[in-house]
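**Student:** Show me how the following folds:
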Amino acid sequence: MDLNGRPDPPTEAGEKETLVAFLDFHRATLRWKCEGLTPKQLGTALLAPSRLTLHGLIRHLTEVEVGWFVGTFTNEPVVYAYTSPDNPDADWNDLNPAAYADDLRRYDEAVDRARAAIADLDPDFIGEDEGKRFTLRWVLAHMIEEYARHNGHADLLREHLDGATGE
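**Tutor:** Below is the predicted model of the structure:
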């Protein structure tokens, strides 16, 4: 673990273990960027005209975890917590500061479901989503990219909110 409680990815591990470890590092980074802020701060958009917020990032990545891992690698129906065909941006909109703790719990549950969905799969396992085929390797790499991009956003938001900086 590093000084911020994030897991250090192993330097000598197999492909899947390495990819999952880097994804877990990024998951922990997002949580770290949100720690210690009030629900109001977490829901404050600071980079006009964007409506991007830390609370919205938690909700968005909840949907992304479920969509990619559960949707691609299980036979379970994908039920999104926020978005729908009629409101595809609901993860960013209609934030309720009082619901942040519940939204963070949903995020943690989505991560747990994602981990369970891929626990027994090899990196070359092929899943399907909306008629497209993806290897687990590709989805893990994509999710690392997704988190890395959004953690950059989270870093800027956090610095603007209270001056805190860091990786």
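
**Student:** use CA for all of it now, contacts and neighbours both
**Tutor:** Fine.

**Student:** Quick check: which ranges of this structure have low pLDDT?
**Tutor:** In the predicted model of the chain, residues 167 satisfy pLDDT under 70.

**Student:** need the strands for it, in chain order.
**Tutor:** 126-129, 132-135 (DSSP state E).

**Student:** Find the nearest non-adjacent residue to the residue nearest the centre of the chain, please.
**Tutor:** Central residue of the chain (CA atoms, centre = their mean): residue 61, 3.4 Å from the mean position. The shortest distance from residue 61 to any non-neighbouring residue, by CA to CA, 6 or more residues apart in numbering, is to residue 107 (7.3 Å).

**Student:** how many neighbours does that neighbour have?
**Tutor:** Residue 107 is flanked by 24 other residues according to other CA atoms under 10 Å.

**Student:** Isn't it up against residue 64?
**Tutor:** No. Taking contacts as CA atoms under 8 Å, residue 107 lies outside contact range of residue 64: 9.9 Å.

**Student:** ok, the residue in the chain sticking out farthest from the centre to residue 81 distance?
**Tutor:** Most distant residue from the mean C-alpha position of the chain: residue 12, 25.1 Å away (CA atoms, centre = their mean). From residue 12 across to residue 81, the span is 37 Å (CA to CA, to the nearest Å).

**Student:** do residue 53 as well
**Tutor:** 18 Å.

**Student:** One more: residue 122?
**Tutor:** Distance from residue 122 to residue 81, by CA to CA: 28 Å.

**Student:** More neighbours: these two, which one.
**Tutor:** residue 81 (17 against 13).

**Student:** Phi, psi for that one please.
**Tutor:** Main-chain dihedrals, residue 81, degrees, to the nearest 10: phi -70, psi -30.

**Student:** Contacts only, for it.
**Tutor:** Counting by CA atoms under 8 Å, 6 or more residues apart in numbering, residue 81 touches 62, 63, 106.
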